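*Asks:* Please work out how this folds:
(2 chains)
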Amino acid sequence: MKIVLNREKLNSFYVQTIKDISLQKIMSCYQCGKCTAGCPVADFMDVVPNEMMRLVMLGEIEKLLSSKAIWLCTSCFQCGTRCPKGIEVHRVFEALRSIALREGKNYTDIEKLSEDVLDEIPQQGIIAGFRKFESLE
Amino acid sequence: MKRIIYYPGCTLHSTAYEYGNSTEAVLKHLGIEFEEIPDWNCCGAASAKSLNHRLSILLPARNLRNAADLAGDVYVPCAGCYNNLMKAKKAMENEEGREEIEKKLGKFHRIPEVYPLMNLFIDDKVLKKLSENKLNTDVKIACYYGCAFLRPEEILQNENPELPKSIDTILNTLGVHTVEWPLKSFCCGGDLSLASSDIVSVLVEKILIYAIEAGASAIVTACPLCQANLEMRQKTKMPVFYFTEIIGIALGIDENKWWKKHLVDPGNVVSKLKGGR
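*Replies:* Okay, the predicted model is just below:
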């Protein structure tokens, strides 16, 4: 994969929003890979944690917003605990999830779910669906 | 002996009834007085933080405010509740954060200290009492701490997140041998159990394989979500206990109703442990 670096992309609205939400010094990452080594669900991810950090540093955010990986993160905080540069990688995942939700990229209209499906979903699952209605404040 | 404020959280009165009941029985037996936080509410669990950040701070903060009216420190048996209460406590550390919370909830007389339930038992006096009730057994146990009691470290500052030892200390004091194994602080999958149970099954099986490999015949934990995931998503049939249940066995106050709540029949391990009394 060839990525052409440009400053516009590095300072895009997405990158700034990720920094604002996560409060992390993203540019400190030096790609040691400890986050991925410790991640319990890295095996199942299409973009593993250190790749995600690299893509944010390159401003390639679209790829991340449509990834499965951001929804698989269990928020176990292992990546943040082990990062030698003190980056809480899980907060970057959380920022990406927030942006994806605000953009309506992962949206469940609960009112449109059939009664059969609603019977099957546990209550927590329904509540988790509600977060997709959070306001854009 | 000691007096504490107790925050059971929703789970200890419902799905983890055996954890709640064994905790209360053990506290009573050891002469530790406890009082539930008056009119406590849900800590917000995983749902509140998905909905609204402010709500996820205010819900646990309200419990802290109600606890402030009682004397003593707050002890929390559930990992998720402990994590959320500590987050609220952290949010109140700076003046601005405290002001915002007090605007909604009213003045706090004090901000009480918050500890995980395990910390109550690694107190010297309590350990001494436990050591008088040794189990003579060759059952080996793998202690499993999960995530929420340990991380994020800068908020919890409770024990070493890479080398936790509180549950090991308690069981060792009771004469139970605990094994050294690599997945003590590995994630069980947590809430992913609802959305991607197939992934959680893989994680749980990994945890069990390493526990068995280390020679353990049961796992002991303190987190209700870990306990549920570990027992629900496994094929191996290895029982998963709460540490208070093991203390209960050692003190001779265990009850059959605890074991009935388990999804994996713990009968074999329970009778081996009881045999050592």
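*Asks:* hey, let's count contacts and neighbours off CA atoms from now on
*Replies:* OK.
*Asks:* Off-centre distance for the top helix by length along chain A?
*Replies:* If you go by DSSP state H, chain A has its longest helix at helix A:89-102. Remark: helix A:89-102 is offset 4 Å from the chain centroid, using Cα atoms, centre = their mean, to the nearest Å.
*Asks:* for the record, mean pLDDT for the following helix or strand past it?
*Replies:* The first helix or strand that comes after helix A:89-102 along the chain, using DSSP states H and E, is helix A:115-120. Averaged over helix A:115-120, pLDDT sits at 84.
*Asks:* what does stretch B:45-59 give?
*Replies:* For stretch B:45-59, the mean confidence score works out to 85.
*Asks:* Quote the end-to-end distance of it.
*Replies:* Separation of the first and last residues of stretch B:45-59 by Cα to Cα, to the nearest Å is 9 Å.
*Asks:* Same check on stretch B:93-113?
*Replies:* Calculated as Cα to Cα, the first-to-last residue distance of stretch B:93-113 is 12 Å.
*Asks:* buried residues in that stretch?
*Replies:* B:98, B:101-102, B:108, B:111-113 (16 or more other Cα atoms under 10 Å in any protein chain shown).
*Asks:* Which of those residues fall within helices?
*Replies:* Filtering the buried residues of stretch B:93-113 for helices - DSSP H - leaves B:98, B:101-102.
*Asks:* Which pLDDT value belongs to residue A:131?
*Replies:* pLDDT, residue A:131: 54.
*Asks:* what do you get for residue B:82?
*Replies:* The score at residue B:82 is 97. That number is its pLDDT.
*Asks:* Would you confirm that it contacts residue B:88?
*Replies:* No. Checked against Cα atoms under 8 Å, the pair residue B:82 and residue B:88 is beyond contact range at 10.0 Å.
*Asks:* and chain B, which of its residues are near chain A?
*Replies:* B:47, B:50-52, B:147-148, B:151-153, B:161, B:186-187, B:189-192, B:194-195, B:199, B:203 (Cα under 8 Å from any Cα of the partner chain).
*Asks:* Only the buried subset of those, as a PyMOL command please.
*Replies:* For the buried members of these, the matching PyMOL selection, counting by 16+ other Cα under 10 Å, is:
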select buried, chain B and resi 47+50+51+147+148+151+152+153+161+186+187+189+190+191+192+194+195+199+203
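*Asks:* okay, now the domains of chain A?
*Replies:* Domains of chain A are assigned by automatic domain parsing as A:8-106, A:110-137.
*Asks:* re the thing from before, which of the ones in helices among the buried residues of stretch B:93-113 lies at the shortest distance from chain A?
*Replies:* Checking those against chain A with Cα to the nearest Cα, the nearest one is residue B:101 at 19.0 Å.
*Asks:* nearest residue to that closest one other than its sequence neighbours?
*Replies:* residue B:58 (6.7 Å; Cα to Cα, 6 or more residues apart in numbering or on different chains).
*Asks:* ok but that neighbour is inside a strand, no?
*Replies:* No. Counting by DSSP: H, G, I helix; E, B strand; the rest coil, one finds residue B:58 to be helix, located in no strand.
*Asks:* Contact partners for it?
*Replies:* B:88, B:101, B:105 (Cα atoms under 8 Å, 6 or more residues apart in numbering or on different chains).
*Asks:* between these, which is nearest residue B:235?
*Replies:* residue B:88 (38.0 Å; Cα to Cα).
*Asks:* Looks like residue B:155 contacts residue B:90 (just checking).
*Replies:* Yes. Applying Cα under 8 Å, one finds residue B:155 in contact with residue B:90, separated by 6.7 Å.
*Asks:* doesn't residue B:87 make contact with residue B:97?
*Replies:* No. Counting by Cα under 8 Å, residue B:97 does not reach residue B:87; the two are 11.5 Å apart.
*Asks:* which non-adjacent residue is nearest the residue nearest the centre of chain A?
*Replies:* Nearest to the geometric centre of chain A sits residue A:93, at 3.0 Å (Cα atoms, centre = their mean). Spatial nearest neighbour of residue A:93, excluding adjacent residues (Cα to Cα, 6+ apart): residue A:70 at 5.7 Å.
*Asks:* contacts for the one helix or strand that neighbour maps to?
*Replies:* Counting by DSSP H and E, the element that carries residue A:70 is helix A:69-72. With Cα under 8 Å, 6+ apart as the test, helix A:69-72 has contacts from A:41, A:44-48, A:64, A:93-94, A:96-97, B:192.
*Asks:* Tabulate the CA atom coordinates of that helix in CSV.
*Replies:* Listed next in CSV are the C-alpha coordinates belonging to helix A:69-72 (Å, rounded to 0.1, in the frame of the first residue of the first chain):
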residue,chain,number,x,y,z
ALA,A,69,-11.5,-3.4,14.4
ILE,A,70,-12.8,-0.3,16.1
TRP,A,71,-15.9,-2.3,17.2
LEU,A,72,-13.9,-5.3,18.4
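*Asks:* Kindly provide the distance from residue B:24 to residue B:233.
*Replies:* Taking Cα to Cα, one finds residue B:24 at 28 Å from residue B:233.
*Asks:* Then residue A:69?
*Replies:* Counting by Cα to Cα - residue A:69 and residue B:233 are separated by 22 Å.
*Asks:* Ok, residue B:98 next?
*Replies:* Residue B:98 is 41 Å from residue B:233, by Cα to Cα.
*Asks:* now stretch B:195-211, how far from the centre of its chain.
*Replies:* Worked out by Cα atoms, centre = their mean, stretch B:195-211 lies 20 Å from the chain centre.
*Asks:* Give the buried residues for it.
*Replies:* Buried residues in stretch B:195-211, counting neighbours by 16+ other Cα under 10 Å, are found at B:195, B:197, B:199-201, B:203-205, B:207-208, B:210-211.
*Asks:* what sits up against that stretch?
*Replies:* Contacts of stretch B:195-211 (Cα under 8 Å, 6+ apart): A:40-41, A:44, A:125, B:142, B:181-183, B:186-190, B:192-193, B:217, B:219, B:229-230, B:233-236, B:238.
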